[in-house]
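Chemist: Just to be clear, the model below is a prediction. Sequence and coordinates:
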Amino acid sequence: MNDISKNLILWIVIALMLILLFQALGSSGSTGNTVDYTTFMREVASERVSEANINNREIQFRNRSGEMFQTFIPGNDDPQLIDTLLARNVTVIGEPPEKRSLWLTLLLNWFPFLLLIGVWIFFMRQMQGGGGRGAMSFGKSKARMLTPDQIKTTFADVAGCDEAKEDVKEVVDFLREPTRFQELGGKIPKGILMVGPPGTGKTLLARAIAGEAKVPFFAISGSDFVEMFVGVGAARVRDMFEQAKKNAPCIIFIDEIDAVGRHRGSGHGGGNDEREQTLNQMLVEMDGFEDNKGIIIIAATNRPDVLDKALLRPGRFDREVNVSLPDVKGREQILKVHLRKIRIAEDVDPKVIARGTPGFSGAELANLVNESALFAARNHKKIVTMNEFEMAKDKIKLGSERRTLSMTREELESTAYHEAGHAIIGSLVPGYWPLHKVTIVPRGRALGVAFFLPKGDETSYTKEFMESAISVAYGGRVAEEIIYGKDKVTSGASQDIRVATSYARSMVTEYGLSEKVGPILTLEQNSFSGQPQKVATLSPELSRLIDDEIKFFIDKNYDRAMQLLKDNIDILHAMKDALMTYETIDASQIKELMQRKPVTPPKDWEADSVKKSIVPEKDTDDSDNDNSISEKNVSNTDVSNEATSMAEKAQQDYSKDNNQSTESKENTTANSEDKPQGS
Ligand SMILES: Nc1ncnc2c1ncn2[C@@H]1O[C@H](COP(=O)(O)OP(=O)(O)OP(=O)(O)O)[C@@H](O)[C@H]1O
Ligand SMILES: [Zn+2]
């Protein structure tokens, strides 16, 4: 709590003042410059010293011209000193033997020890959680309590996770009237574990429960319990439950429960004891409150796999609520919640934004709305338009525009060919997402991007789609190869290759789409590391077959991309030209290009806006610079397309891979695209 730090600071200030005071008293008011003892003796020998005031080993002396100096007698006493001084006509003055009173000396000598003892007592008091009236205590829980009037959140503020909301609704009824509920024999969980990726609204939902039920809300993070002193965490747990009992009915929300709840004996290093004690205390407290009516503990985590099994036993966190990343409908609803807070133009369509933001969490969507408003404000606009949302989305996904990144005309041209390659393949292969836009404005690590708009939820793919995705991913590299030749292909396609390979590997090892390998699960994406891991030991023959089949899908779709681009080489050149002129082209221009029609300039395109342009004017002097691309090695060219993040997002999608509750599993399938999986 705050009082702790205040009291600590007070203690430190007092200690410092005391030290300063004692130092001031201790020194006998030094005056004049300090000289060494040899100089002093020489001065004495040449009879230039008139007066010396000796106090222990310190000598203050005055020379004949009245100036004051001081010096110190080195080592042990100089027994001849007084005699020498007197012989050289120095007036010797003594000091009374003890300038300080006895108690002051004692205090001075003992002060460090007293301070230590004081600190010791201070900490002991904190550890016991007592602390007395002052409420200064480490053992006090750090939980922040919100009273019902302070909680404005309701279920209306939480969107896109209807199942989770449904799951917790009965808790609200219970908290409103615990006794009535119990008389009816209702069985209410003590603990609810909210599981889901960061930013999906777990905290928000917990708070909304409190808001709906109009009960106090205690929020604390698991890491707040973890301290270096053994016993402090346990004391905090005890205190938190005591506070909660006083305020029942109420909700305790523990974010990041895994910080304390990691299964015992798994930690490394010394902090272990403390954490285990804290965890034990939590288990004890949860078991021991049958009698108190209406305390519900909600814990949140995105690592349920690391939790100690004891936490999940009946009577503890035995109810699991999955809060997964929102699907396209959910994203739309979340956007609507946040769009209420800003002034938007008529053209802003939450549906379109939702489609363009697969994998975004609620928190990221809230951030998107906020960034858009900031863009509008920066441009002195009164109202936020779709344009700002587009800019904010690109910024969040890829990083800020890098118009300052100096690129030669040749580099831009190769980027334009590369992105056009993705775009054209994406438009030609069957079953792929529609194109949203293509740009060669560098952003973040990307030199250019071809964006596709996923249709809906991206929880399952058809075989056709995945094969198309492989061709689209190779489209960029294939375009470069056709235009510049095999030797001049840039390193910009590394990410594309990764995406294509990961599709091909999943097809063979996870989705059973290879006829030769068959529907066997052989490799699985580890849902946390994202690394493929073996499911079983594979025979050498099967391993070989898997590799062959992956290669088969890759070659087949690489060759398809090659053929499609060769057949449409005129479109490739035209799209490159359009990109060099307009930098960014959107769906309508791409459509014109694909139909071999002339391109209409973009809406806000002004021909004279060349100042802003990233495309340098053609430099005739520079014509010998023909080897730029491969030699300049456009590294870090993370030229990606939407499929990249899609493939990654879908595979990392927590709710998909790590769903323990059958309830949500059914929902995932029900919500998913109408495309059936497999061929
Ligand atoms: N489902 C949602 N509906 C509306 N807004 C949301 C939703 N999810 C997240 N947000 C927005 O994101 C913010 C942060 O979400 P919140 O802190 O609840 O996420 P969390 O799941 O608790 O994340 P973490 O695991 O990182 O603690 C919320 O305050 C809200 O503005
Ligand atoms: Zn690419």
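Modeler: Perfect, thanks for sending it. Ligands and ions are numbered 1, 2, ... in the order given.
Chemist: Show me where the stretch 401-550 of the chain has its strands.
Modeler: Assigned by DSSP state E, counting those that start in this stretch, the stretch 401-550 of the chain shows strands spanning 435-439, 449-452, 523-525, 532-534.
Chemist: Could you do the stretch 251-400 of the chain as well?
Modeler: All strands of the stretch 251-400 of the chain, identified by DSSP E, counting those that start in this stretch, fall at 295-301, 319-322.
Chemist: can you put these in a markdown table and add mean neighbour count, mean pLDDT and distance to Ser65?
Modeler: In this view, the C-beta of every residue, glycine as well, is placed from N, C-alpha and C. Formatted as a markdown table, the strands of the stretch 251-400 of the chain follow (neighbours: other Cβ atoms under 10 Å; pLDDT from 0 to 100; distance: least, Cβ to Cβ, whole Å):
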| stretch | mean neighbour count | mean pLDDT | distance to Ser65 |
| --- | --- | --- | --- |
| strand 295-301 | 26 | 90 | 80 |
| strand 319-322 | 22 | 88 | 90 |
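Chemist: Tell me which of these lies nearest to Arg331.
Modeler: Nearest to Arg331, of all the strands of the stretch 251-400 of the chain, is strand 319-322, at 17.0 Å by Cβ to Cβ.
Chemist: now for the closest one, which elements pack on it?
Modeler: In terms of contacts (3 or more Cβ pairs under 8 Å, 6 or more residues apart in numbering; DSSP states H and E), strand 319-322 is packed against helix 162-176, strand 191-195.
Chemist: Packed most tightly, which of those would that be?
Modeler: Using mean count of other Cβ atoms under 10 Å, the stretch among the helices and strands packed on strand 319-322 with the largest mean neighbour count is strand 191-195, at a mean of 25.
Chemist: Give me the helices and strands touching it, please.
Modeler: Contacts defined by 3+ Cβ pairs under 8 Å, 6+ apart place strand 191-195 against helix 162-176, helix 202-213, strand 295-301, strand 319-322.
Chemist: count of residues packed around Arg303?
Modeler: Applying other Cβ atoms under 10 Å, we find 15 residues neighbouring Arg303.
Chemist: typo on my end, Phe552
Modeler: 15.
Chemist: if I look at it, how far off is Val508?
Modeler: 9 Å (Cβ to Cβ, to the nearest Å).
Chemist: Find residues that contact each of these two.
Modeler: Contact criterion Cβ atoms under 8 Å, 6 or more residues apart in numbering; residues shared by Phe552 and Val508: Ser514.
Chemist: quick one: low-confidence ranges for the stretch 551-679 of the chain?
Modeler: Scanning the stretch 551-679 of the chain for pLDDT under 70 picks out 604-679.
Chemist: shaky segments in the stretch 401-550 of the chain?
Modeler: Using pLDDT under 70, the flagged stretches of the stretch 401-550 of the chain are 403-406, 456-459, 524-532, 535-536.
Chemist: and the closest residue to Leu283 other than its chain neighbours, what pLDDT?
Modeler: Spatially, and ignoring its direct neighbours in sequence, Leu283 is nearest to Ala310 (5.8 Å; Cβ to Cβ, 6 or more residues apart in numbering). pLDDT, Ala310: 85.
Chemist: Neighbours of Ala310, how many?
Modeler: Neighbour count of Ala310, defined by other Cβ under 10 Å: 16.
Chemist: what's the answer for Ala561, then?
Modeler: 29.
Chemist: What of Asn63?
Modeler: Neighbourhood size, Asn63 [other Cβ under 10 Å]: 14.
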